[in-house]
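*Asks:* structure here, sequence nowhere to be found:
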């Protein structure tokens, strides 16, 4: 009876989601996953723009710039075309929601819940649940549960166990997602209350401490990179404690999410849901979640992440330790800032140093880091084929094959966007070649495509023709682009956010 009540309550709890799940399956049959994700991000951007436009800004921003900002927050790109201090506290709240809903961990978690596989009997029975057949549904479920193997061994093909394992994984991700950010908000709030110099910065800029804490943690965990100050994190370059609080958020929300998730599933499996945890961690079973990597892949991913951080830190110290970009800081604060800046090159985009003042070689290194996906892993020869994680090509029919043949590689898309921007901004390139150099444009394109947010900015002193009315803005170079150029960056951000759906593009090209 206790098991019956448990199953009955589970059926009732899931009933509000049955229509949503059925609708999702219906839509997915008619459109591919990439287009569904595009509709989701486009919908969020339009809704976000509507709220940003309705709410009053501190200073006029313009509709195109507001829509650009909404897209940038939704795609967690942090490409800026307005000074952040022109955005009111209420608009910051809207941007926080957009970043929260657009982050990779959240969207993948929702997708996992909606697409979880179910046995044919369970799926049919849930679709027909009603008061008349609720008892039959419970009895059917009890029969299926009774077939569940013991705790010592399990059937790899058991659909009920697979369904329970996915449900367990969804709860683990949700707990991880909320726990890391709640602890982060608490840590930042305590730091702000304890360090007067940091609190004075917010008071001077008219930013509420609690708003700042939530905004900066959500932005950092989702690897967006927006900070509600014009100077981004440069204004906090002396607050090494704040940078140390944010560093774990950068890693846990992006590059180290797969290894941490695997460790958390293993840890919880020791106490609860042992069978489900064993099923999820079994490398011989087809993965139920793209970020739940095998043990070997997780180890190699961690090694790759820290190797890139080490290389970037050494390169920065060698090239710019004594440069004007880091002047005025003690060796300790300088080192913490360098590590923070290097970590942000992998898709976070928060600046503690002005990118325009760094060595060109370091900027090129950042371009490479921004281009690489978060899951980039060094796989030595002999272990490059990790069991269970490689999907065999499936037959998509003539239409699917045609689409794949027309898809380009990532570098091809970057080249196309750079060429298009060079055309739309040709007047500025001719009149202001230093600010609009090819390297600076490349940084904007790769940064928006990688959803990072790094920018070299715009400096009036670099103009060939001096303009006494020109004031160097705090926003990125994209803010100086024409309307057509901004639209190109908007498209680039969408492309970058959806690049997971065409990771194997360009295979039709044979470079012999």
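*Replies:* Received, thanks. Quantities reported herein were computed from a predicted structural model and do not represent experimental measurements. Numbering: from 1, shown residues only.

*Asks:* I figured residue 483 was touching residue 62, is that so?
*Replies:* No. Applying Cβ atoms under 8 Å, one finds residue 483 not in contact with residue 62, separated by 9.7 Å. For every residue, glycine as well, the C-beta is placed using N, CA and C.

*Asks:* thought residue 345 was touching residue 450, still the case?
*Replies:* No. Under the criterion of Cβ under 8 Å, residue 450 makes no contact with residue 345, lying 9.3 Å away.

*Asks:* give me the common contacts of these two.
*Replies:* residue 370 (Cβ atoms under 8 Å, 6 or more residues apart in numbering).

*Asks:* intersection of neighbour lists for residue 483 and residue 62?
*Replies:* By Cβ under 8 Å, 6+ apart, residue 483 and residue 62 have no common neighbours.

*Asks:* and residue 103, how many neighbours does it have?
*Replies:* 23 (other Cβ atoms under 10 Å).

*Asks:* can you check residue 211 too?
*Replies:* Neighbours of residue 211 under the rule other Cβ under 10 Å: 16.

*Asks:* ok, the nearest residue to residue 249 once chain neighbours are set aside - contacts?
*Replies:* Nearest residue to residue 249 in three dimensions, chain neighbours excluded: residue 220, at 4.2 Å (Cβ to Cβ, 6 or more residues apart in numbering). When contacts are counted by Cβ under 8 Å, 6+ apart, residue 220 touches 184, 246, 249, 250, 253, 348, 350.

*Asks:* quick one, what contacts residue 375?
*Replies:* By Cβ under 8 Å, 6+ apart, the contact set of residue 375 is 255, 258, 291, 301.

*Asks:* for residue 460, same thing?
*Replies:* 467, 470, 471, 472.

*Asks:* ok, so of those residues, who is nearest residue 445?
*Replies:* Using Cβ to Cβ, residue 472 is the member of the contacts of residue 460 that sits closest to residue 445, with 21.8 Å.

*Asks:* how near is the residue lying closest to the closest one once chain neighbours are set aside to residue 231?
*Replies:* Sequence neighbours aside, residue 460 is the residue nearest to residue 472 in space, at 4.8 Å (criterion: Cβ to Cβ, 6+ apart). From residue 460 over to residue 231 the distance is 17 Å, taken as Cβ to Cβ, to the nearest Å.

*Asks:* same check on residue 314?
*Replies:* Using Cβ to Cβ, residue 314 is found at 26 Å from residue 231.

*Asks:* which positions within the one helix or strand residue 361 maps to qualify as buried?
*Replies:* Assigned by DSSP states H and E, residue 361 belongs to helix 360-371. Within helix 360-371, the residues scored as buried using 16 or more other Cβ atoms under 10 Å are 362, 363, 365, 366, 367, 369, 370, 371.

*Asks:* may I see those organised as JSON lines, with pLDDT and distance to residue 265 added?
*Replies:* Shown next, in JSON lines, are the buried residues of helix 360-371 (pLDDT from 0 to 100; distance: Cβ to Cβ, whole Å):
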{"residue": "362", "pLDDT": "94", "distance to residue 265": "38"}
{"residue": "363", "pLDDT": "94", "distance to residue 265": "39"}
{"residue": "365", "pLDDT": "95", "distance to residue 265": "34"}
{"residue": "366", "pLDDT": "95", "distance to residue 265": "33"}
{"residue": "367", "pLDDT": "94", "distance to residue 265": "35"}
{"residue": "369", "pLDDT": "93", "distance to residue 265": "29"}
{"residue": "370", "pLDDT": "93", "distance to residue 265": "30"}
{"residue": "371", "pLDDT": "91", "distance to residue 265": "30"}
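
*Asks:* of the residues you listed, closest to residue 100?
*Replies:* Each of the buried residues of helix 360-371 was checked against residue 100 using Cβ to Cβ; the closest is residue 370, at 22.8 Å.

*Asks:* surely that closest one touches residue 447?
*Replies:* Yes. Between residue 370 and residue 447 a contact is recorded at 5.6 Å, counting by Cβ under 8 Å.

*Asks:* what's the overlap in contacts for the two?
*Replies:* Residues within reach of residue 370 and of residue 447 at once, by Cβ under 8 Å, 6+ apart, are residue 454.

*Asks:* which non-adjacent residue is nearest residue 353?
*Replies:* Spatial nearest neighbour of residue 353, chain neighbours left out: residue 325 (4.7 Å); criterion: Cβ to Cβ, 6+ apart.

*Asks:* what is the burial count for the one you found?
*Replies:* Per other Cβ under 10 Å, the neighbour tally for residue 325 reads 22.

*Asks:* and the pLDDT at it?
*Replies:* At residue 325, the predicted lDDT confidence score is 87.

*Asks:* of the contacts of residue 460 - the most surrounded one?
*Replies:* Highest neighbour count within these: residue 470, with 13 neighbours (other Cβ under 10 Å).

*Asks:* contacting residues around that residue?
*Replies:* With Cβ under 8 Å, 6+ apart as the criterion, the residues that contact residue 470 are 460, 463.

*Asks:* helix, strand or coil for it?
*Replies:* coil (DSSP: H, G, I helix; E, B strand; the rest coil).

*Asks:* how close does it get to residue 459?
*Replies:* Going from residue 470 to residue 459 by Cβ to Cβ gives 9 Å.

*Asks:* which residues sit against the helix or strand where residue 241 lies?
*Replies:* Residue 241 belongs to helix 240-252 when assigned by DSSP H and E. Helix 240-252 has contacts (Cβ under 8 Å, 6+ apart) with 180-181, 184, 187-188, 191, 195, 198, 216-217, 220-221, 223, 233, 236, 260, 305, 332-333, 336-337, 339-340, 343-344, 346, 348, 350, 352.

*Asks:* now residue 488: which helix or strand?
*Replies:* helix 483-497.

*Asks:* sorry, slip of the keys, the one I care about is residue 279.
*Replies:* Here residue 279 sits within helix 274-281, counting by DSSP H and E.
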